[in-house]
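**Q** this one's sequence-less:
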Ligand SMILES: N[C@@H](CCSC[C@H](N)C(=O)O)C(=O)O
């Protein structure tokens, strides 16, 4: 078979049975592996559709520039379409997205503008706003707007849905997919429900995103929105492609559970997939454990490839630094503080204490880092090395108050944090804090961790 260009190779991706990871679950669990698309993600399907629909509508003209806000995969699909059809591309991306994605987009000739993640969508600095502004400023440019462009949903209605229906010979009973723009979830779900209205659909959401709460209450709850790490799913807006009528249930998955499951997919199933694939499988299996019956067939979409996350979920140091890689055979913070006498009390200073007194306390107790407490609350910290360099720079600080020289507070960790996680945190922080069951604050230092490791 000879293809006229790379875009003709999009679609018809394989469906593969999950073996080890679905053990104990009633029914059959299948995954549709979308990294077999030429851009290594399912977004190729909707990218080419958005481009061709825009060409037909006369919105995208020869020599034009495609401008899109993307978490990377849609950008890659658009870039391939642009190469095949002779357009230029400019993409805006939030700075949380992996470096690999930015490099891949540049490799296929796109210009990439990185924007801050932690700003509201309507902020002029957000990747949505910057894309819109560029579209307004650059003549002969086209802004697909994958969130609200219904060609996105249509692409999956026309391709992903029929492929799943045909490959399962109409036996599919459950469909699960991550929800970001909503196109793949809703286009596919609409098609499948038209074939068999009894098919149950499960949308996978992430903590920090609005979808699950919105489905359950009909309220856009701002409190649900906060920064999260998982890439490619979840939203702080309600895209037009999310049709809540065709999503029966939502399951939220943490960044950590998603990351751990992504690695398991690679190691236990040979599926070297991206981070949101871990979200989809973790969430879908949680749901399947409770709800699938013998004879049911669940299909989960795996959107992209693992190469995009080599510096993150596939990197042990990155995993450890984020507290995602735990070895349960290690002792925990709780074990360390559990060995302390019942009358343990945290050595601390107050903001109003003098620097001189803080130094004297460090000398007397031989500790090199002390939390600063105000009315029982931790408001900062002082460490010997930082104090010393400040005093060398400005000797009068000896007579100042602790509040004038203190640093930010040490980080609080969960009691079940294991030694490997604690030790990677302490590389950066010198010490961490933890509360015991009575709410008393303890400090854990490098020395405590070394001692716990040797015991
Ligand atoms: N807000 C999400 C991204 C939503 S979907 C975008 C799409 N996957 C793309 O490739 O552009 C995030 O936080 O990553």
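**A** Perfect, I can see it now. Just so it is clear, the structure is predicted and the values come from calculations on it, not from any experiment.
**Q** Name the spans of the stretch 301-450 of the chain whose pLDDT lies under the cut-off.
**A** Along the stretch 301-450 of the chain, segments meeting pLDDT under 70 span 326-329, 428-429.
**Q** ok and the residue in it nearest the ligand?
**A** Residue of the stretch 301-450 of the chain nearest the ligand, by Cβ to the nearest ligand atom: residue 303 (7.3 Å). The way it works is simple: take the backbone N, C-alpha and C, and place the C-beta from them, glycine included.
**Q** so that residue touches residue 275, yeah?
**A** No. Assessed by Cβ atoms under 8 Å, residue 303 is found out of contact with residue 275, at 9.5 Å.
**Q** Spit out the residues that contact the two alike.
**A** Each of residue 232 lies in contact with both residue 303 and residue 275 under the rule Cβ atoms under 8 Å, 6 or more residues apart in numbering.
**Q** mind checking the SS state of the residue nearest the centre of the chain?
**A** Computing the C-alpha centroid of the chain and ranking residues by Cα atoms, centre = their mean puts residue 230 first, at 0.6 Å. Here residue 230 is coil, with the state taken from DSSP: H, G, I helix; E, B strand; the rest coil.
**Q** what about the strands in the chain?
**A** For the chain, strands defined by DSSP state E occupy the ranges 15-17, 28-33, 65-69, 88-94, 111-115, 141-142, 174-178, 200-206, 249-253, 297-302, 369-374, 377-383, 431-435, 441-445.
**Q** what sits against the residue nearest to the centre of the chain?
**A** Residue 230 makes contact with 206, 253, 255, 258, 275, 276, 279, according to Cβ under 8 Å, 6+ apart.
**Q** Isn't residue 22 up against residue 284?
**A** No. With contacts defined as Cβ under 8 Å, residue 22 does not count as touching residue 284, sitting 9.6 Å away.
**Q** can you pull the contacts of the closest residue to the ligand within the chain?
**A** For the chain, the residue closest to the ligand is residue 180, as judged by Cβ to the nearest ligand atom, at 2.7 Å. Counting by Cβ under 8 Å, 6+ apart, residue 180 touches 71, 232, 233, 234, 235, 276.
**Q** okay, it: pLDDT?
**A** On the pLDDT scale, residue 180 is placed at 97.
**Q** what do you get for the one 4 residues further on?
**A** At residue 184 the predicted local distance difference test score is 98.
**Q** Over to residue 280?
**A** For residue 280, the model assigns a pLDDT of 98.
**Q** Next, count neighbours for it.
**A** Look at residue 280: counted by other Cβ atoms under 10 Å, it has 31 neighbours.
**Q** Any chance of the strands of the chain in CSV with mean neighbour count and distance to residue 341 as columns?
**A** CSV is the format used below for the strands of the chain (neighbours: other Cβ atoms under 10 Å; distance: least, Cβ to Cβ, whole Å):
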stretch, mean neighbour count, distance to residue 341
strand 15-17, 13, 56
strand 28-33, 23, 51
strand 65-69, 25, 56
strand 88-94, 22, 48
strand 111-115, 17, 51
strand 141-142, 20, 69
strand 174-178, 28, 49
strand 200-206, 25, 42
strand 249-253, 20, 41
strand 297-302, 25, 51
strand 369-374, 20, 19
strand 377-383, 18, 21
strand 431-435, 20, 16
strand 441-445, 20, 12
